[in-house]
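>>> got a sequence here, can you build the structure:
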Amino acid sequence: MYEDKNFLTIEDAHNMTEKENLRLFKKHISSQLGKTLSMLGFADSIPVEASGMYVTLRDGRKVLDMTGHLGMLVAGHNHPRIIEVRKKWAEEKRLESWKFFPSPYQGVLCNNLSLIFPEDLEVMFFCNSGAEANEGALKLAEKYSGMSRKTVVYTDISFHGKTHATLTLSGSEKHQNDHFNKTENCIMIKYGDIQDFKRVIEENKTGKNSTKIGTFIIEAIRSEGVVIPDKSYYEEVRRICDKYDIVLIMDEVFTGFGRTGKMFGFEHYGICPDICSFSKAFGGGKATFAGFITRPKIFNKAYSKMNEATLHSTTYNGFGEEVVSAIEVLNIIRDEKLLENSEEMGKYLLSRLQEVKKEFPDIVADVRGVGLLACIIFHSRAEKIVKFFSSTGTDLVEKFVTGSVITSMLKDYSILLNTPPHDSSQILITPSLIINREQVDYFIESLKKVLSENLWKVGFDYLKKLRS
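As a prediction, this is how the structure comes out:
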């Protein structure tokens, strides 16, 4: 019977050993992911506190978080203002699910978002994740464009989510997509190549100013590898989309809310999308929150009729505590001048990364950055040595370098780093926008020590674990 089950408690989780924690993770979540986390040293000690730029581990280490936890932490871990508004909301027993009453809190959040987005982007929908935001954006664009223009264009380097539709449109996932059904009527083009975009327009024209293409979805700045198209590219994309009435969706899930030194990545190009999706930093690291915003003409054509008002909906459409968290996030970004800090510290971080590239040309192939979105791309002249050790090939060489760097930085210098999901030759650097010069300097000096002293021994230890 249910009453007889020996459930573990929250207190049990607090007191769990690292060994038991890893056992449960491997058994119930993913054995291979658990193995990877263990190899990198991430399972050696359990986090017990997080504040600002730091995560404190049970063994006493205070770890500098240079990941921003995949870009979610715009204002650091557990910002006191976000904690306070959430605590007050709970203590006052406010309504959490606003399903049957219009929410003044959603109204405030929508108003504030409309003020920071340009032009007439002012109608929005809230959901839970970037993938869900992109699904909703794609549905809106499809409904607006009509069944005669249902073709969607996307780019070869991109990631928009792992639902069926967003996975199809994620060019960087193309080598893994063979396992799943694809969404039809999708065309892939080269990222940042305006001639390739013009080519598919011409191939799908149905008249002088008409085409079967109804939607173009793209990341304003490709976060993985920090790929930044020329300004002229987006100016021409905007002109073509206007000419053929193609809905331009810009995915700002990773780059939104100050990550690139501007509120949104598309602002670097002086253009405005028709729909913009966002998530990650939107919840301030305390709420699983996302959404998309569009122009009234797009939304009204798609969903203005009474019987179409709920054609796109979700159960968790902006819970109260999520909404007040996001309201506070926007105010923190303004009050603490996090946009300005992202731009200033981003320039400083990139200048110091360029020092690393110059000092270690045999290991570091390139460094890139805009705002506090940066990456290090490695290469290795030890490829022949590694191939003697294993026949797995180039991907293993990349893991040799990045795996050893990540492991050493955590073990020896208490710095948390990660690679992006589609390129193991990179380390993605996306700290919270509150980072200061002292923290940047500590990161750079530690990285230099790792690249000069620890790389080979740790790298070969990593490879042995990988093959075991």
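
>>> show me what contacts the closest residue to residue 170 other than its chain neighbours?
In this structure, residue 170 finds its nearest non-sequential neighbour in residue 159, 4.7 Å apart by C-beta to C-beta, 6 or more residues apart in numbering. Yep, even glycine has a C-beta here, placed from its N, CA and C like the rest. Neighbour list for residue 159: 170, 172-173, 219, 224, 421-422 [criterion: C-beta atoms under 8 Å, 6 or more residues apart in numbering].

>>> and those residues, which is closest to residue 449?
residue 224 (26.5 Å; C-beta to C-beta).

>>> ok, the nearest residue to that closest one once chain neighbours are set aside - contacts?
The shortest distance from residue 224 to any non-neighbouring residue, by C-beta to C-beta, 6+ apart, is to residue 420 (4.1 Å). Residues counted as contacts of residue 420 (C-beta under 8 Å, 6+ apart) are 223-225, 375, 426, 428.

>>> format those residues as a markdown table; extra columns: neighbour count, secondary structure and distance to residue 197.
Below are the contacts of residue 420 laid out as a markdown table (neighbours: other C-beta atoms under 10 Å; DSSP: H, G, I helix; E, B strand; the rest coil; distance: C-beta to C-beta, whole Å):
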| residue | neighbour count | secondary structure | distance to residue 197 |
| --- | --- | --- | --- |
| 223 | 27 | coil | 21 |
| 224 | 20 | coil | 21 |
| 225 | 19 | coil | 20 |
| 375 | 23 | strand | 25 |
| 426 | 22 | strand | 26 |
| 428 | 24 | strand | 27 |
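
>>> show me the shaky parts of the protein.
Within the chain, the ranges that satisfy pLDDT under 70 run 1, 380-399, 454-468.

>>> run the chain-centre distance for stretch 179-186.
Its chain's average C-alpha position is 23 Å from that of stretch 179-186, according to C-alpha atoms, centre = their mean, to the nearest Å.

>>> list the buried ones in it?
Neighbour-count burial for stretch 179-186, counted by 16 or more other C-beta atoms under 10 Å, picks out residue 186.

>>> for stretch 131-147, same thing?
131-145.

>>> for that stretch, C-alpha coordinates in PDB please.
Output of stretch 131-147 as PDB, limited to C-alpha atoms (Å, rounded to 0.1, in the frame of the first residue of the first chain):
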ATOM      1  CA  ALA A 131      11.800  25.100 -26.500                       C
ATOM      2  CA  GLU A 132       8.200  25.700 -25.500                       C
ATOM      3  CA  ALA A 133       8.600  29.400 -26.300                       C
ATOM      4  CA  ASN A 134      10.000  28.600 -29.800                       C
ATOM      5  CA  GLU A 135       7.200  26.000 -30.400                       C
ATOM      6  CA  GLY A 136       4.600  28.800 -29.600                       C
ATOM      7  CA  ALA A 137       6.400  31.300 -31.800                       C
ATOM      8  CA  LEU A 138       6.500  28.800 -34.700                       C
ATOM      9  CA  LYS A 139       2.800  28.100 -34.300                       C
ATOM     10  CA  LEU A 140       2.000  31.800 -34.300                       C
ATOM     11  CA  ALA A 141       4.000  32.400 -37.400                       C
ATOM     12  CA  GLU A 142       2.400  29.400 -39.100                       C
ATOM     13  CA  LYS A 143      -1.100  30.500 -38.300                       C
ATOM     14  CA  TYR A 144      -0.300  34.100 -39.500                       C
ATOM     15  CA  SER A 145       1.200  32.900 -42.700                       C
ATOM     16  CA  GLY A 146      -1.500  30.400 -43.600                       C
ATOM     17  CA  MET A 147      -1.300  26.900 -45.100                       C
END
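
>>> the residue lying closest to residue 452 once chain neighbours are set aside and residue 448: what is the separation?
Of all residues not flanking residue 452 in the chain, residue 360 sits nearest, at 7.5 Å (C-beta to C-beta, 6+ apart). Noted for residue 360: a distance of 8 Å to residue 448, by C-beta to C-beta, to the nearest Å.

>>> neighbours of residue 434, how many?
22 (other C-beta atoms under 10 Å).

>>> quick one: residues contacting it.
Taking C-beta under 8 Å, 6+ apart as the test, what residue 434 contacts is 52-53, 75-76, 336, 338, 341.

>>> could you work out the end-to-end span of stretch 156-168 for me?
Distance across stretch 156-168, first residue to last, is 11 Å (C-alpha to C-alpha, to the nearest Å).

>>> next one: stretch 350-368
7 Å.

>>> before we move on, what about stretch 148-168?
20 Å.

>>> domain parsing for this structure?
1-39, 43-75+338-467, 80-335 (automatic domain parsing).

>>> got the CA coordinates for stretch 192-203 in PDB?
Output in PDB follows, covering the C-alpha atoms of stretch 192-203 (Å, rounded to 0.1, in the frame of the first residue of the first chain):
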ATOM      1  CA  GLY A 192      25.000  34.400 -41.800                       C
ATOM      2  CA  ASP A 193      25.000  33.700 -45.600                       C
ATOM      3  CA  ILE A 194      22.600  36.100 -47.200                       C
ATOM      4  CA  GLN A 195      23.100  34.500 -50.700                       C
ATOM      5  CA  ASP A 196      21.900  31.200 -49.300                       C
ATOM      6  CA  PHE A 197      18.800  32.800 -47.900                       C
ATOM      7  CA  LYS A 198      18.100  34.500 -51.200                       C
ATOM      8  CA  ARG A 199      18.600  31.200 -53.000                       C
ATOM      9  CA  VAL A 200      15.800  29.500 -51.100                       C
ATOM     10  CA  ILE A 201      13.500  32.500 -51.500                       C
ATOM     11  CA  GLU A 202      14.000  32.300 -55.300                       C
ATOM     12  CA  GLU A 203      13.500  28.500 -55.300                       C
END
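
>>> much appreciated, bye for now.
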